[in-house]
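Peer 1: What follows is a protein structure lacking sequence information:
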């Protein structure tokens, strides 16, 4: 077989593997979109209500792009409680009358819209995105309140349920519009969310809001009152004045929200540069054949980038220095961006020394630091493409000051004030995750391809370390395993660890905002920059960087 045939076969294998991974992703998303299942959906319809996803679809402008956040929230996390598809709440960034908004809709087919711990975390993430980008936020409320069997994990802490109402108040003071539509139950502490919004709508017969429901009122003070009298649409629109608009049904309610959004003024924007969008280089599916099967081999990272940026055009910064990181200016859907990407090719430095792809060396860390500072000076959003195994280790690297150079890069990422967007295409290991703008470093959006792996280190290495530790512990107790037992222990640890490195494990816990089809990368970044353009950029101050 010729070398050309080998390359062709390799590309076909790469494409097949990626297509299978995308197929798995699509099937899992389809299952999640069913929420609590068809029977519960039918029950909802009989009550005259639309589902959370139907409400969002009706509200958003048809034909305009949209992105769903946290679809995998809670994935395989609450099986003993019957599961919690999408965390029981659907969050989408889309357009209402041409205005980009974020919509948060409780899914009443999932435990009557009750709040699991991950539900609270997902709502807080939606509010964080709204605050960072000054996006109007629309709450479509239909929830039974806190899921009581797990109340200790959602009620009292700083990043728990109460933080949502604190954010309501902060967002109001920031001038970020909040609209809440009470389209179902809204009870106890959850009642504060719609009423702390700027405007509240309530749907007749299905919407209700009160601090305590009929059963609790009877138990607490002995008073008997039905749901409508206690907190229905008539009560709050005509007697208490708690709500601002009484709506006859879901559709009229959603139409009214559209009319309200239609009148909003505009904020001062950040002024990010955008020109006419051009398609990326080649066929959108080219990324499938470029990314290696199982991410195990080096590949031409620059070719991958060319399939993401407009016309494949790049202006590389310090192209021949610090080669294990690619830094380049480009455009994505017309938006000017600065790209920081791990180069997975094996390269040689100026001294002719081999440098491993995906590893951050001192020279590449120094290059990336300078580039990040330049992008901040020029008000250019940053896009990080992660496929990193970490920083270079060993005596030579330590003597060369790898810790200091890595700290410079982390400092620049931490203090960057232009919006950052992170795409985990492959490995995201150890401190490399931090330097390449992992979740802890406030990317405006962070997404993963189905090929992503997020962990302290690779499964093989971690399993070896953990196996050695356990074997030594057993030896000290006089129970040293035989070679077969040691191998079995290794495989068991490796299997568990590799499960924890998958993008699905990460997305379930909201370490990433979504797992996406690689072909959707441009859309996510473009919509993210459009959102970020609503909020002026603060002055960049890098702080102390050792030289």
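Peer 2: Great, that's in hand. As the structure is a prediction and not an experimental result, all values here were calculated from the model.

Peer 1: On the three-state scheme, the residue of the chain positioned farthest from its centre is what?
Peer 2: Seen from the C-alpha centroid of the chain, the residue lying at the greatest distance (Cα atoms, centre = their mean) is residue 478, 47.2 Å away. Remark: residue 478 carries the secondary structure label coil [criterion: DSSP: H, G, I helix; E, B strand; the rest coil].

Peer 1: cool, residue 426 as well?
Peer 2: Under three-state DSSP, residue 426 falls in the strand class.

Peer 1: Quick one: neighbours of it, just the number.
Peer 2: By the measure other Cβ atoms under 10 Å, the count of residues near residue 426 is 26. Bear in mind the C-beta positions are built from the backbone N, C-alpha and C, glycine included.

Peer 1: Which parts of the stretch 351-500 of the chain are helices?
Peer 2: 362-377, 395-399, 402-415, 430-435, 459-476, 483-500 (DSSP state H, counting those that start in this stretch).

Peer 1: wait, which of these is closest to residue 516?
Peer 2: Proximity to residue 516, assessed across these by Cβ to Cβ, is greatest for helix 430-435 (18.1 Å).

Peer 1: tell me which strands and helices the closest one is in contact with?
Peer 2: strand 382-388, strand 390-391, helix 402-415 (3 or more Cβ pairs under 8 Å, 6 or more residues apart in numbering; DSSP states H and E).

Peer 1: low-scoring stretches of the stretch 51-200 of the chain, by residue?
Peer 2: Low-confidence segments of the stretch 51-200 of the chain (pLDDT under 70): 189.

Peer 1: run the last query once more with 80
Peer 2: Low-confidence segments of the stretch 51-200 of the chain, defined by pLDDT under 80: 148, 188-190.

Peer 1: now the stretch 251-400 of the chain
Peer 2: For the stretch 251-400 of the chain, applying pLDDT under 80 flags the ranges 293-296.

Peer 1: how about the strands of it, start to end?
Peer 2: Ranges of strands within the stretch 251-400 of the chain are 315-316, 325-332, 335-342, 347-348, 354-355, 359-360, 382-388, 390-391, based on DSSP state E, counting those that start in this stretch.

Peer 1: Nearest to residue 220, out of these?
Peer 2: Distances from residue 220 to each of the strands of the stretch 251-400 of the chain were compared by Cβ to Cβ, and the smallest falls on strand 382-388, at 52.6 Å.

Peer 1: Give me the helices and strands touching that closest one, please.
Peer 2: Strand 382-388 is packed against helix 301-306, strand 335-342, strand 420-429, helix 430-435, with contacts defined by 3+ Cβ pairs under 8 Å, 6+ apart.

Peer 1: how about 7 Å then?
Peer 2: In terms of contacts (3 or more Cβ pairs under 7 Å, 6 or more residues apart in numbering; DSSP states H and E), strand 382-388 is packed against strand 335-342, strand 420-429.

Peer 1: quick one on the thing from earlier: with distance to residue 208 and mean neighbour count as added columns, please give the helices and strands packed on helix 430-435 in a markdown table.
Peer 2: Putting those into a markdown table (distance: least, Cβ to Cβ, whole Å; neighbours: other Cβ atoms under 10 Å) gives the following:
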| stretch | distance to residue 208 | mean neighbour count |
| --- | --- | --- |
| strand 382-388 | 45 | 27 |
| strand 390-391 | 53 | 22 |
| helix 402-415 | 45 | 20 |
